[in-house]
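Peer 1: What follows is a predicted structure for the sequence shown.
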Amino acid sequence: KQAETDIQSFFADKYAKNEKWQVTTYNMSSDMGIINTVINVVTVAISFIAAISLIVGGVGVMNIMLVSITERTKEIGIRKALGAKNKAIKQQFLIESVVLCLVGGIIGILFGFILGKVAMLVINSYYSDYAGYIIMNVHPSVLAIILSVCFSMLIGVFFGSYPAKKAAKMEVIDALR
């Protein structure tokens, strides 16, 4: 703001007698506020879409686990008949759910990495005339990858707990019927 004021006063003093043109200054700090607001709204919208996607994915994992339990009722019954505790059966299905989500998370990370590299190659080749000005490099953060894998496993635990409890509470006679 001080530079804006100094520039206006300099040109106003120097060219005060010139009626054909005048000097105006523009401060982009007001634009930055608008840009930050737009970025915040887009961030919230993307976060909302990501949350819905995670819920849909989690429900899909829960559905797969429930189908798996339904198809494996005899296995559960045999394990219970041989003395397996509810905790062991619950743990088996929780581990299965976590591994399922972990594999999905790793596939997603690999897909994102490959897509980023392809986008980098396309953009760098498309704008080769401006190679000195536009440089796009894809370097995924190790922290982001670790958090993604951990969050994927957390989704597996959260959405796999209900099917695991259902499998653990199954009665031996009903499972072997």
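Peer 2: Structure received. Just so we're clear, the structure is a prediction, and the values are computed from it rather than from any experiment.

Peer 1: Which element, helix or strand, includes residue 89?
Peer 2: Here residue 89, judged by DSSP states H and E, is contained in helix 86-126.

Peer 1: mind listing what's buried in the helix or strand following that helix?
Peer 2: Proceeding N to C from helix 86-126, the next assigned helix or strand is helix 142-168, under DSSP H and E. By neighbour count on 16 or more other C-beta atoms under 10 Å, the buried set for helix 142-168 is 148-149, 152-153, 155-156, 159-161, 163-164, 166-168. Using the backbone N, CA and C atoms, a C-beta is placed for each residue, glycine as well.

Peer 1: Remind me what helix 142-168 packs against, helices and strands.
Peer 2: helix 29-71, helix 86-126 (3 or more C-beta pairs under 8 Å, 6 or more residues apart in numbering; DSSP states H and E).

Peer 1: and the angle for that helix with helix 86-126?
Peer 2: 150 degrees (axes from the mean of the first three to the mean of the last three C-alpha atoms, to 10 degrees).

Peer 1: So for the helix or strand following helix 142-168, mean pLDDT?
Peer 2: Remark: after helix 142-168, the chain's next helix or strand is helix 172-176, criterion DSSP H and E. When pLDDT is averaged over helix 172-176, the result is 84.

Peer 1: Identify the residues contacting helix 172-176?
Peer 2: 73-74, 76-78, 80-81 (C-beta atoms under 8 Å, 6 or more residues apart in numbering).

Peer 1: Can you give the distance of that helix from its chain's centre?
Peer 2: Chain-centre distance of helix 172-176: 41 Å, with C-alpha atoms, centre = their mean, to the nearest Å.

Peer 1: likewise stretch 21-28?
Peer 2: 43 Å.

Peer 1: Need the residues that contact that stretch.
Peer 2: By C-beta under 8 Å, 6+ apart, the list of residues contacting stretch 21-28 reads 1, 4, 7-8, 11-12, 15.

Peer 1: quick one: the residue nearest to the spatial centre of the chain and residue 144, what's the gap?
Peer 2: Central residue of the chain (C-alpha atoms, centre = their mean): residue 50, 6.0 Å from the mean position. According to C-beta to C-beta, to the nearest Å, residue 50 and residue 144 sit 13 Å apart.
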